[in-house]
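>>> Show me the folded form of this:
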Amino acid sequence: MSWLLLVIAGFLEVGWAIGLKYTEGFTRPLPTVLTVAAMVASVGLLGVAMKTLPVGTAYAVWVGVGAVGTAALGMVLFQEPATVGRLVSLGLIVAGIVGLKLAS
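Predicted coordinates:
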């Protein structure tokens, strides 16, 4: 169950990272409220997952899921470049996440 909560926390991290773009410097109320709510929920679920998962593993997976998801959505939503180097690097992060899961 902790792994599921951790992945959900990672997805919420993607949500708040992307949400920051839509707040336009926290000048738009609805995106700001949604972004802050996603932040709180993400960190809250990370904390719950850390009750049973090692802190280093949990934090690395949380950041990894957030980084990969945010970079992928940046390519889709904001036309950020999807170069071979970026895609290979994201693949390496995913491999690291899988490795941490298998090693737990």
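
>>> Next, Lys51: secondary structure please.
coil (DSSP: H, G, I helix; E, B strand; the rest coil).

>>> Any buried residues in the helix or strand containing Phe11, and which?
Phe11 is located in helix 2-23, with elements delineated by DSSP states H and E. Residues of helix 2-23 classed as buried by neighbour count (16 or more other C-beta atoms under 10 Å): 5-10, 12-20, 23. The C-beta positions use only the backbone N, C-alpha and C, and glycine is treated the same way.

>>> for stretch 38-53, same thing?
Across stretch 38-53, burial judged by 16+ other C-beta under 10 Å covers 38-39, 41-42, 45-46, 48-50, 53.

>>> Against the centre of the protein, work out the most remote residue.
Thr27 (23.2 Å; C-alpha atoms, centre = their mean).

>>> where does that one land on pLDDT?
Among the per-residue scores, Thr27 shows a pLDDT of 97.

>>> Name all residues that make contact with the residue nearest in space to the middle of the chain.
With distances taken as C-alpha atoms, centre = their mean, the residue of the chain nearest its centroid is Gly66 (1.6 Å). Counting by C-beta atoms under 8 Å, 6 or more residues apart in numbering, Gly66 touches 10, 13-14, 17.

>>> Show me which of these is closest to Val98.
Gly10 (13.4 Å; C-beta to C-beta).

>>> Can you report how many residues neighbour the closest residue to that closest one other than its chain neighbours?
The shortest distance from Gly10 to any non-neighbouring residue, by C-beta to C-beta, 6 or more residues apart in numbering, is to Val65 (2.7 Å). For Val65, the count of nearby residues is 22 (other C-beta atoms under 10 Å).
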